[in-house]
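Asks: need a structure here:
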Amino acid sequence: MILVSACLLGHKVKYNGGSNDDTLLQAYNAQGRFVAVCPECFAMLPVPRAPMEIQYGTGRKLIEGRAQAVDADGHDLTASLLLGAQKILRIAEAYHAEVAIFKEGSPSCGVHRIHDGSFTGRKIQGAGAATELLRQHGLTVYSEHDLTEAQLKQLIEEDIRHDSIRD
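Replies: The predicted model follows:
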């Protein structure tokens with residue numbers, strides 16, 4: 001199975017109650033190879049909720065205890081972000097997932113860039129907490145911007161082959 005950010009598949013789990021619909025991923029969702037995940041929802045954060053960013057670093061530093069996640073109201077949500085990342089890892093392990101496709105920019109799911117913690121719209125290089133944790137455990141994580149249709153088809157075919165080997 002391939003983990004996919006639920007917001008990309010049309011689930012209204014984004015901090016503001018919306019989604020980040022990705023037409024390519026939604027078109028292939030019917031093949032039954034995707035598991036929709038949202039680390040922030042799995043951490044039981046409400047929808048909608050105040051925007052959240054990682055301050056003083058990236059997902060790696062957050063996991064190492066050298067950064068914190070706060071929302072725009074100043075609430076420390078570090079424990080929630082870490083809990084969500086741990087739950088995603090457990091889901092990945094349960095499904096024997098090797099690949100995830102996550103929402104770029106998110107403090108949980110960002111793959112290449114996340115907001116810098118200033119709530120000004122600026123972004124820095126780095127990954128979100130869930131992405132970082134999955135990578136540390138050997139998963140390959142793509143953003144929705146990384147994949148062409150041909151690459152997505154190949155990932156799905158590889159996932160099907162891996163499942164048939166396990167069975």
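Asks: show me what contacts the most centrally placed residue in the chain?
Replies: For the chain, C109 is the residue whose C-alpha lies nearest the centre (Cα atoms, centre = their mean; 2.8 Å). C109 makes contact with 5, 39, 102-103, 128, 130-131, according to Cβ atoms under 8 Å, 6 or more residues apart in numbering. For the C-beta atoms, the positions are set from N, CA and C on the backbone; glycine is no exception.
Asks: would CSV of those residues with pLDDT, neighbour count and secondary structure be doable?
Replies: Formatted as CSV, these follow (pLDDT from 0 to 100; neighbours: other Cβ atoms under 10 Å; DSSP: H, G, I helix; E, B strand; the rest coil):
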residue, pLDDT, neighbour count, secondary structure
S5, 98, 31, strand
P39, 97, 31, helix
F102, 98, 28, strand
K103, 98, 24, coil
G128, 98, 32, coil
A130, 98, 35, helix
T131, 98, 32, helix
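Asks: re the thing from before, spatially, what comes nearest to the residue nearest to the centre of the chain if we skip its sequence neighbours?
Replies: F102 (3.6 Å; Cβ to Cβ, 6 or more residues apart in numbering).
Asks: now swap in E104 and tell me
Replies: S143 (3.9 Å).
Asks: and D73, by the same measure?
Replies: A50 (5.0 Å).
Asks: follow-up on the earlier one: ok, the residue nearest to C109 touching I114?
Replies: No. Here F102 does not reach I114: they are 11.1 Å apart, not a contact under Cβ atoms under 8 Å.
Asks: what do those two both touch?
Replies: Joint contacts of F102 and I114 (Cβ under 8 Å, 6+ apart) are G128.
Asks: list the contacts of T131.
Replies: 59, 100, 102, 108-111, 141.
Asks: cool, I54 as well?
Replies: 61-62, 67-69, 81, 107, 114-115, 117, 128-129.
Asks: neighbour-wise, which one of those leads?
Replies: A129 (34 neighbours; other Cβ atoms under 10 Å).
Asks: got the phi/psi numbers for that one?
Replies: phi -60, psi -50 (degrees, to the nearest 10).
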